[in-house]
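[1] Can you look at this prediction? I've put the sequence above it.
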Amino acid sequence: MTNNSRTRRRERDDDHPAIWVGYGKLVRLFRERAGLTQTQLADAVGYSCEQVASIEQGRRPAKSAFTEAAERVLGAGGVLAELQEDVDRAKLPKFFQDFAGIEAEAVSRFAYDPLVVPGLLQTPEYARALLCGHCPPLDEETIDQRVDARMSRHSLLTRSPMVELSFIIGELALRNPVGDAQLMRAQLQRLLTVCALQNVELQVMPSEGGVHVGLNGAFVLLETLEHQHYGYIEAQQVGLVISDPSKVSAFGLRYGKLRSQALNAEESARLIERLVGAE
């Protein structure tokens, strides 16, 4: 291989997350050890040869269905499965990936979202509608990857051991017609389903609630398995993880105040039910 060829290859690899490239190299290694061609592996796992080639070259992230099939066919011994969470996380925007890694270790997560339904509660259709409004526009492949990654994060809702989850959502987020009426009705019904979970509390901040401490914007307050506390704020495709104890403590005080100012869980569920009926 010439120096120019190596340079071009490095440049291509740099365009894709390192975890996708590394995962792909392992798939190729296991495939070659098993004495299979790409076509044979593709047939065995139910993918096209082009898809397998893209995964091996790190150009496309593997979905969990591919990983499960490849583990079985190649006898990978759990190596590929161990990487799946990291492969999925790399589909997220880069500014969010650090927080997503911390979020995966949460024992509690409290969030205030005044303008949109939070990602952990979104339906795929609602998430896609938001991403289609991105500026500058995203290509279809990126949108698909980000929807998949957002849905993968939903495992936090039902993970064992359970994560204590609290959501305060602005009423405006529930009334803003993202997509058509059918899409919004399904999204609101999704909220009712999730708030029935034992470990989830959902409250609505009324749109006419007057002055409250959430007017400065959305934020997340999180505690990890090691009992480290973090805050997170995000705006205009910029995310910031906050670990300074005094600042995280202030987030906790604000969230407590917001809980007292928002509708309680029962009142919030009734409001969402009324909105479902109005759609």
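    Ah, there it is.

[2] So for this structure, the centremost residue is which one?
    Note on the chain: the residue nearest the mean C-alpha position is Arg150, at 2.9 Å, using Cα atoms, centre = their mean.

[3] Wait, that one touches Leu121, no?
    No: using Cβ atoms under 8 Å as the test, Arg150 is too far from Leu121 to be in contact (10.3 Å). To be clear about C-beta, it is placed using only N, CA and C from the backbone, and glycine gets the same treatment.

[4] Please enumerate the strands of the stretch 151-279 of the chain.
    Remark: strands assigned in the stretch 151-279 of the chain by DSSP state E, counting those that start in this stretch are 164-170, 200-205, 219-224, 229-235, 238-242.

[5] Sheet partners, orientation included, of the fourth one?
    For strand 229-235, sheet partners with direction are given as strand 219-224 (antiparallel), strand 238-242 (antiparallel), following DSSP bridges.

[6] And those: which comes nearest Leu271?
    Shortest distance between Leu271 and those, using Cβ to Cβ, is found for strand 219-224: 22.5 Å.

[7] circling back to that earlier point, mean neighbour count added to the strands of the stretch 151-279 of the chain, as JSON lines?
    Putting the strands of the stretch 151-279 of the chain into JSON lines (neighbours: other Cβ atoms under 10 Å) gives the following:
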{"stretch": "strand 164-170", "mean neighbour count": "21"}
{"stretch": "strand 200-205", "mean neighbour count": "22"}
{"stretch": "strand 219-224", "mean neighbour count": "21"}
{"stretch": "strand 229-235", "mean neighbour count": "18"}
{"stretch": "strand 238-242", "mean neighbour count": "15"}
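
[8] Throw those strands into JSON lines and include mean pLDDT, thanks.
    Listed next are those as JSON lines, based on pLDDT from 0 to 100:
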{"stretch": "strand 164-170", "mean pLDDT": "98"}
{"stretch": "strand 200-205", "mean pLDDT": "98"}
{"stretch": "strand 219-224", "mean pLDDT": "98"}
{"stretch": "strand 229-235", "mean pLDDT": "97"}
{"stretch": "strand 238-242", "mean pLDDT": "96"}
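
[9] Just give the nearest non-adjacent residue to Val27, would you?
    Spatial nearest neighbour of Val27, chain neighbours left out: Glu56 (5.3 Å); criterion: Cβ to Cβ, 6 or more residues apart in numbering.

[10] can you check Val200 too?
    What sits nearest to Val200 in space, not counting adjacent residues and going by Cβ to Cβ, 6+ apart, is Leu165, at 4.8 Å.

[11] you'd agree the one you found is up against Gln203?
    No: using Cβ under 8 Å, Leu165 is not in contact with Gln203, being 11.8 Å away.

[12] Show me where the stretch 101-250 of the chain has its helices.
    Counting by DSSP state H, counting those that start in this stretch, the stretch 101-250 of the chain has helices at residues 124-132, 140-152, 171-175, 181-194, 245-261.

[13] Which one, of these, ends up nearest to Gln51?
    Of all the helices of the stretch 101-250 of the chain, it is helix 140-152 that lies closest to Gln51, at 12.5 Å by Cβ to Cβ.

[14] which secondary structure elements does that closest one contact?
    Packed against helix 140-152 by the contact rule (3 or more Cβ pairs under 8 Å, 6 or more residues apart in numbering; DSSP states H and E) you find helix 79-89, helix 124-132.

[15] my guess is His16 contacts Arg59, does it?
    Yes: counting by Cβ under 8 Å, His16 touches Arg59, with 6.0 Å between them.

[16] Run through the stretch 1-150 of the chain and note the low-pLDDT ranges.
    1-14 (pLDDT under 70).
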